[in-house]
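Chemist: Need a 3D model of the following:
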Amino acid sequence: MIVSLCEAQVMDYLLKKLQYRGFIKKLTEDNSSELKWMIYYKNNLIKTDFVDLKDGSLVQKNYLGPYDYELTTYYEPQIQLFTQAWTLFFEKYFTSRSIGQFENLEELAILFEMLLYTVKEMNIQTNNDFLRPELKNVIFNDSSSPLEFIYLERFEDIDIISLTCHIGGI
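Modeler: Here you go, the predicted structure:
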C-alpha cells in the first residue's frame, strides 16, 4: 500500500501509542516484542519504524552543534495531526464494550487495516516539518547489517506491505 511519509509516520505513531497503552498485548506476545512495519524500499524488504515514542510521547534527537544533541519531546500544537489521528482512531474503534475485544485482537492484518483506514479517512494533505524524513531502526530482510536510519526525501512515498512482530534490538 503506497502512503506518504507523513501518513506512515502517523500510522506508526498510532501503532506505538497502542503498544505503549497496552492495547495490543496479544499481538506483541505480552510486550516481549514490538511491531514493526515491513516495507519495500529500493528493491529491498525492510523492517522499520517511522517515529520514536518515549513514555507515550513523540520524541526525536535534535542536533545542537558538533557532537551535541538533545532529546526533544513534542507536544501540541506541533503534533496536532498525530493527536487528531489518535482521537479519530480511539473514537472509531474503542467503545466501553470493545476495549476488551480490541485487547484480544490477534490478527495483524486487521490492525493494519484499522491504522490505514484511519489515516486515509483523515485525507492528510500536509507534511510535518519537525520530524526528520527517515526510516528508523532499519533491518534488512536479507540479513545484512541493520542501520539506525535511512534518510529520505521529505515528500517520498512509502510502500508498506505488512506489519511484523520483531524481537530484539535494532
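Chemist: what helix or strand does residue 29 sit in?
Modeler: Here residue 29 sits in a region with no helix or strand, counting by DSSP states H and E.
Chemist: pLDDT value on it, please?
Modeler: Model confidence at residue 29, given as pLDDT, is 70.
Chemist: That one - nearest residue in space that isn't next to it in sequence?
Modeler: By the measure of C-beta to C-beta, 6 or more residues apart in numbering, the closest residue to residue 29 outside its immediate chain neighbours is residue 165, 7.0 Å from it. Yep, even glycine has a C-beta here, placed from its N, CA and C like the rest.
Chemist: Same question for the helix or strand of the chain with the lowest mean pLDDT: list its buried residues.
Modeler: For the chain, scoring each helix and strand by mean pLDDT, DSSP states H and E identifies helix 99-103 as the least confident one, at a mean of 75. Judged by neighbour count using 16 or more other C-beta atoms under 10 Å, the buried positions of helix 99-103 are residue 102.
Chemist: Helix or strand next in line after it, which one?
Modeler: With elements assigned by DSSP H and E, the helix or strand that comes after helix 99-103 is helix 108-122.
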